[in-house]
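J.: coords below, sequence missing:
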């Protein structure tokens, strides 16, 4: 069932004779702006958490374990989050998620202000906040097609990619700077960001899903429906097999670089600056996404991304543990936003609204399942070998993804 285009009043472009652009879509921009703030707070906390654990324990392996806990919790919750996003009101799910994350990071900040937070508490906060983020992000992805016209879906996803990379530019150095001033500050800032996100969600007027005319099936049957739909597409199946090693490699190499720079004696601010350099490539790539989507098919984009990323990660390994190692990684991620925008735009366009949450959850689960092991693997590699060898292991994982993308018939039979 296809949702009719938004009305002129909703988009703010009456009488122009031209389809209104995304910048005039009040509700999409409200949600987008709220998530800009939330992503900024999350980027600060993501940088500060491993630094906090490393400071308290002196163990890169334990710091990696905390990162893996977050990714594993998000992975486990993806399919249930998809079922929730299709069974319940998506706006209420997003509100509850923001309230929960606000409380968790306020608690962590308060503990650090009064003393030292136990590792068990840190792990608990990380796991619970990751679960809440999985619910929120799945509901947000599923809601996009209800806020924009069908021909704007890919552009909306590209805007969200720009948002994520843009906040990654400011979040890591800001998180490192605040951590250097006071350990609690990045987490207090993250709590504030969720409060502002909550306000933005409350101000959205448009419904975030279509009315359900039939009672939903059981939770188990709902999950099976989404799985059957996604696996029924040869293109999506091939893409999921390619995305797993690629996402694991990107997550692992960034985490490895973060820890290796800190072990080399760089300040938290400079470690955050390396993350900013990495994010520049994705930020610029997000702006180039509309043009690149018109020039290159998605299979070509993904194959080109994999092979160039393998080479650039190997170059980054040779430059480690220098802040210059972030420069090749920035070049590697340039094509990522274009591929993601084309993928999720195609997925949102072909998936019925009542299945959006489950299919999005499955796609994010497959893409992030291997990535959940990356921080722990990075910590283990750094504990056994030098920085260069650890980063080369992740470059080899990208070669696996590149070979899969190059020979997969299902991938090359996908959208033009």
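T.: Thanks, I have it. This structure is a prediction, so every number in the text was calculated from the model and none was measured. Residues are numbered from 1 along each chain as shown.
J.: okay, now the unreliable bits of the protein?
T.: Residue ranges of the chain with pLDDT under 70: 1-20, 212-219, 346, 414-416.
J.: how near is the residue most central in space within it to residue 240?
T.: Of all residues in the chain, the one closest to the mean position by Cα atoms, centre = their mean is residue 164, 7.2 Å from it. Applying Cβ to Cβ, to the nearest Å, the value for residue 164 to residue 240 is 20 Å. Every residue, glycine included, has its C-beta placed from N, CA and C.
J.: who's in contact with stretch 303-313?
T.: 242, 246, 249-250, 253, 296, 328-329, 331-333, 335-336, 339, 391-392, 394-396, 398-399, 401-402, 405-406, 411 (Cβ atoms under 8 Å, 6 or more residues apart in numbering).
J.: at 7 Å instead, please
T.: 246, 249, 253, 328-329, 331-332, 335-336, 339, 391, 394-395, 398-399, 401-402, 405-406 (Cβ atoms under 7 Å, 6 or more residues apart in numbering).
J.: just the buried members of these?
T.: 246, 249, 253, 328-329, 331-332, 335-336, 339, 391, 394-395, 398-399, 401-402, 405 (16 or more other Cβ atoms under 10 Å).
J.: for residue 47, which residues are in contact?
T.: Counted by Cβ under 7 Å, 6+ apart, residue 47 has contacts 171-172, 175-176, 272, 275.
J.: how does it look with 10 Å?
T.: 168, 171-179, 186, 258, 268, 271-272, 274-275 (Cβ atoms under 10 Å, 6 or more residues apart in numbering).
J.: could you do residue 142 as well?
T.: Residue 142 neighbours (Cβ under 10 Å, 6+ apart): 81-82, 85-86, 90, 93, 208-209, 348, 351, 353-361.
J.: identify the residue nearest it in space, chain neighbours excluded?
T.: residue 356 (3.8 Å; Cβ to Cβ, 6 or more residues apart in numbering).
J.: and the host helix or strand of that neighbour, what does it pack onto?
T.: Residue 356 is part of helix 356-369 when elements are defined by DSSP states H and E. Packed against helix 356-369 by the contact rule (3 or more Cβ pairs under 10 Å, 6 or more residues apart in numbering; DSSP states H and E) you find helix 60-87, helix 90-114, helix 119-147, helix 219-231, helix 234-263, helix 336-350.
J.: those: which one's closest to residue 314?
T.: Proximity to residue 314 (Cβ to Cβ) singles out helix 234-263 among the helices and strands packed on helix 356-369, at 10.3 Å.
J.: quick one, the closest one and helix 60-87 angle?
T.: Angle, helix 234-263 to helix 60-87, by axes from the mean of the first three to the mean of the last three Cα atoms, to 10 degrees: 150 degrees.
J.: so which elements touch whichever helix or strand comes after helix 234-263?
T.: Following the chain from helix 234-263 toward its C-terminal end, the next helix or strand by DSSP H and E is helix 268-295. Contact here means 3+ Cβ pairs under 10 Å, 6+ apart; on that basis helix 268-295 packs against helix 26-57, helix 153-181, helix 234-263, helix 298-319, helix 326-332, helix 336-350.
J.: what sits against residue 342?
T.: 154, 157-158, 289, 292-293, 296-299, 301-302, 414-415.
J.: try 6 Å this time
T.: Contact analysis of residue 342 by Cβ atoms under 6 Å, 6 or more residues apart in numbering lists 293, 298.
J.: coming back round to it: which among the helices and strands packed on helix 356-369 is found nearest to residue 370?
T.: That would be, of those and by Cβ to Cβ, helix 234-263, which comes in at 3.7 Å.
J.: where's residue 53 relative to residue 125, distance?
T.: Taking Cβ to Cβ as the measure, residue 53 falls 12 Å from residue 125.
J.: hmm, back to that, quick one: the next helix or strand after the helix holding residue 356 to chain centroid distance?
T.: Note on helix 356-369: by DSSP H and E, the next helix or strand toward the C-terminus is helix 374-384. How far helix 374-384 lies from its chain's middle: 21 Å, per Cα atoms, centre = their mean, to the nearest Å.
J.: elements contacting whichever helix or strand comes after helix 374-384?
T.: Following helix 374-384 in sequence order, the next helix or strand is helix 387-407 (DSSP H and E). For helix 387-407, the packing partners by 3 or more Cβ pairs under 6 Å, 6 or more residues apart in numbering; DSSP states H and E come out as helix 234-263, helix 298-319, helix 374-384.
J.: deepest of those, which one?
T.: Most buried of these, by mean neighbour count (mean count of other Cβ atoms under 10 Å): helix 234-263, with a mean of 24.
J.: taking helix 336-350 as reference, get the angle to it.
T.: Using the same axes, to 10 degrees: helix 234-263 against helix 336-350 is 150 degrees.
J.: now do helix 234-263 against helix 356-369, angle only.
T.: Going by the same axes, to 10 degrees, helix 234-263 makes 50 degrees with helix 356-369.
J.: residues near the closest residue to residue 344 other than its chain neighbours, how many?
T.: Spatially, and ignoring its direct neighbours in sequence, residue 344 is nearest to residue 157 (4.5 Å; Cβ to Cβ, 6+ apart). For residue 157, the neighbour count with other Cβ atoms under 10 Å is 25.
J.: now do the contacts for residue 157.
T.: Counting by Cβ under 6 Å, 6+ apart, the residues that residue 157 touches are 341, 344-345.
J.: for residue 413, grab the count of nearby residues.
T.: 12.
J.: now do it against residue 305, distance only.
T.: Counting by Cβ to Cβ, the gap from residue 413 to residue 305 is 19 Å.
J.: with residue 163 instead?
T.: 20 Å.
J.: and for residue 354?
T.: The gap separating residue 354 from residue 305 is 32 Å, by Cβ to Cβ.
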